[in-house]
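Engineer: Provide a 3D model corresponding to the input given below.
(one chain, ligands or ions: 1)
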Amino acid sequence: MTLRTNIGENYEIRDASLKDEGLKTMQWAESRMPVLQLIRKRFAKEKPLQSVRIGACLHVTKETSQLCEAWIAGGAEVHLCASNPLSTQDDITAALVARGVNVFAWKFMDTEGYYRSIGNVIKSRPHITIDDGADLVSILHKLKRGEGGEDIEVIKKIIGKERDFIDGVWAGAEETTTGIIRLKSMAKEGALLYPILATNSSPCKTLYDNVYGTGQSSIDGILRATADLIASKVFVVAGYGHCGKGVAMRAKGMGARRVIVTETEPHAALQAVMEGMEVMPMHEACKIADIIITATGNKDVVRKEHFETMKNECLVCNTGHFNVEINIPDLEKMASVKVRIRPFVDQYQLPDGRKINLLGEGRLINLAAAEGHSSEVMDLSFALQALATEYIVKNKENFTKIGGKVVEIPENIDNNVAYLKCDALAITLEKMTPEQEKYISSWRSGT
Ligand code: RBV
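Structural biologist: Predicted coordinates for the structure are as follows:
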C-alpha cells in the first residue's frame, strides 16, 4: 500500500500538521542528551560546519532530530532520509521540517518511496554522508559505476542524467555494525571511493549503544508489539555479538526461564556460557523456544527447517539491520493463512495447525515496534557523529586525498565524549597521584 505524503520543495513527509507534537517530543530527547547539547552550543558559537552540505540516511527519530539540531547550529545544510522503511517517527519529520531540515522520510514507506528519498538526499550534492547501514554510500557508488536496477531507476527520476555525485563527497561516517561490514568489504575489493569514519567501532558507540541500547530497545519492541510476559519463557538469541549480548542480558533480567544463545564462533559461545546462557544450534533451540530474536547480521538464520519444528505460537523477530535474518519467503510459502493480528504481528498459520508470529515484518523490532534506543544512550553515539562531522570538515584536505578506506575515529575524540558523559551523569573519577602515573607508565619496577 502506498501512503499519501505531504510534499514540499525540500521535503516529503507523512503529515506536516504533526509539527507541534514533534517539537514536544524533541524537547523530551533534548533534555536527555546532555553531551550532544554541549556540542550543539559550541557549534552555535564556532560555526565549524558553515555551508557544509550533510546528506544523512538515518533512522528518523527524536534522537536523530537532536543530531540534526547540532549540525544546523554549526552552520550545516542538512538533507535527511530514512535508513529503514519502518523506523521513521512521523511527528519528528514534521518538526524537523519546521526547524529547517530537508526531510524525506515517513513510516511504512514503500520501496519506491525509500529510494526516492535517498535520491532527494543525493540531489543535494552532499559534502559529507552519514549512513546507518551504508545504503547512501552504496547508491552513490552504484551511480558512479553506471549500474542499473530497481533502486537506480527510481533515483534517476529524481536526479536526472548525472552520475558523478560522489566526486563532490569529502568523506562519510557510518553508524552501525552492518554498515561497517559492507564498507570494509568494499574497501578490501578496492571498490570504496572515499573515506568513511567508523563511528560504530568507537568504544563510546559499541560498548553502550550496541549492548545496552539494543538490549533494552529490542525487549521494548517485543513488548510493545505483543504485550506478552517474558518471565517464564524460553528466550532464544541468535548471535552473541555486542547486540545479542545486550538482548540476552535483558531477557534474563526480565525473568526468562531459559536464555539460549546460538553462535558460530567459539569465543562468543564461551562468553555466553560464562555469562550463564545456554548455547545450542538453532535446529535444537527452535523446538523449545517461546521467543526467538536474531542479532547476527547474517541471512537465513531462521528458515524453513526451523519453522517446521517450532512450537505453536512461537514469536520470531529480528534486531539486526536488514530483514534477511528470518527467511520470510520460506514462511510465506509454508503458511496457509496469514493474519495481521496486531499492528506489528503477522500470524502465519501452518497446514498442521501451528501458528507462528512474525514481529515487525522481520525488520529491526526495536525501531519498527518501539522507538529505537533511548535518548540517553544515543547521546553518546550522536555526540560521536557530531564530532566526526566536525573532524571531517577540519581535515577535509587530508580526507579528500586518502581514498576509499574505513578509518577509526581518533581516540581523543572518543575519550572526550566519555569524559563529558561521566560529567553529565555526575560520575566523579578517581585521580592518579603523580607517583601512580609514573608507576603505571613505566616498565622498570616489578617484584
Ligand atoms: N539507532 N538509532 C536509534 N533512537 O535514533 N536507535 C538505534 C535512534 C541506531 C543504532 O546506533 C544502531 O547502530 C542502528 O540504529 C541499527 O540500525
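Engineer: Only C-alpha atoms from now on, for both contacts and neighbour counts.
Structural biologist: OK.
Engineer: from the chain's centre, how far out does the helix or strand hosting residue 287 sit?
Structural biologist: Using DSSP states H and E, residue 287 falls within helix 282-288. Its chain's C-alpha centre and that of helix 282-288 lie 28 Å apart, by CA atoms, centre = their mean, to the nearest Å.
Engineer: and it, what does it pack onto?
Structural biologist: When contacts are defined as 3 or more CA pairs under 8 Å, 6 or more residues apart in numbering; DSSP states H and E, helix 282-288 sits against strand 234-238, strand 258-262, helix 304-307.
Engineer: what sits up against whichever helix or strand comes after the last one?
Structural biologist: It refers to helix 304-307. Next helix or strand after helix 304-307 toward the C-terminus (DSSP H and E): strand 314-318. Here strand 314-318 makes contact (CA atoms under 8 Å, 6 or more residues apart in numbering) with 289-295, 325-326, 355-360, 362-365.
Engineer: What about these, which are in helices?
Structural biologist: Counted as lying in helices by DSSP state H, out of those, are residue 365.
Engineer: For residue 222, see how far away the closest residue to residue 214 other than its chain neighbours is.
Structural biologist: Counting by CA to CA, 6 or more residues apart in numbering, residue 214 lies nearest to residue 243, which is 5.7 Å off, once chain neighbours are set aside. Residue 243 sits 15 Å away from residue 222, taking CA to CA, to the nearest Å as the criterion.
Engineer: ok, now residue 37?
Structural biologist: Taken as CA to CA, the span from residue 37 to residue 222 is 31 Å.
Engineer: Is it possible to get a markdown table of the helices and strands packed on helix 282-288 that adds distance to the ligand and mean neighbour count?
Structural biologist: Shown next, in a markdown table, are the helices and strands packed on helix 282-288 (distance: least, CA to the nearest ligand atom, whole Å; neighbours: other CA atoms under 10 Å):
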| stretch | distance to the ligand | mean neighbour count |
| --- | --- | --- |
| strand 234-238 | 16 | 28 |
| strand 258-262 | 20 | 25 |
| helix 304-307 | 26 | 16 |
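Engineer: Mean pLDDT for the ones you listed - can I get that in TSV?
Structural biologist: TSV is the format used below for the helices and strands packed on helix 282-288 (pLDDT from 0 to 100):
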stretch	mean pLDDT
strand 234-238	98
strand 258-262	98
helix 304-307	98
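Engineer: Distance to residue 369 added to these, as CSV?
Structural biologist: Shown next, in CSV, are those (distance: least, CA to CA, whole Å):
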stretch, distance to residue 369
strand 234-238, 18
strand 258-262, 22
helix 304-307, 23
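Engineer: Tell me which of these lies nearest to residue 6.
Structural biologist: Nearest of the helices and strands packed on helix 282-288 to residue 6, taken as CA to CA: strand 234-238 at 39.5 Å.
Engineer: Point out the residues in the chain that sit beside the ligand.
Structural biologist: Residues of the chain lying close to the ligand (CA under 6 Å from any ligand atom) are 59, 61, 63-64, 132, 175-176, 209, 321, 371-374.
Engineer: try 5 Å
Structural biologist: Within the chain, the positions lying close to the ligand (CA under 5 Å from any ligand atom) are 61, 63, 176, 321, 372-373.
Engineer: and the two most separated of the residues you listed?
Structural biologist: Across these (CA to CA), the longest gap, 17.8 Å, separates 63 and 321.
Engineer: what about the two, which has more around it?
Structural biologist: residue 63 (29 against 22; other CA atoms under 10 Å).
Engineer: dump the residue contacts of the more buried one.
Structural biologist: 26, 29-30, 374-375, 378-379.
Engineer: Filter those residues down to the ones in helices?
Structural biologist: 26, 29-30, 375, 378-379.
Engineer: Just list the residues touching the closest residue to residue 47 other than its chain neighbours, thanks.
Structural biologist: Leaving out its chain neighbours, the residue that sits closest to residue 47 by CA to CA, 6+ apart is residue 74, at 4.2 Å. By CA under 8 Å, 6+ apart, residue 74 lies in contact with 40, 43-50.
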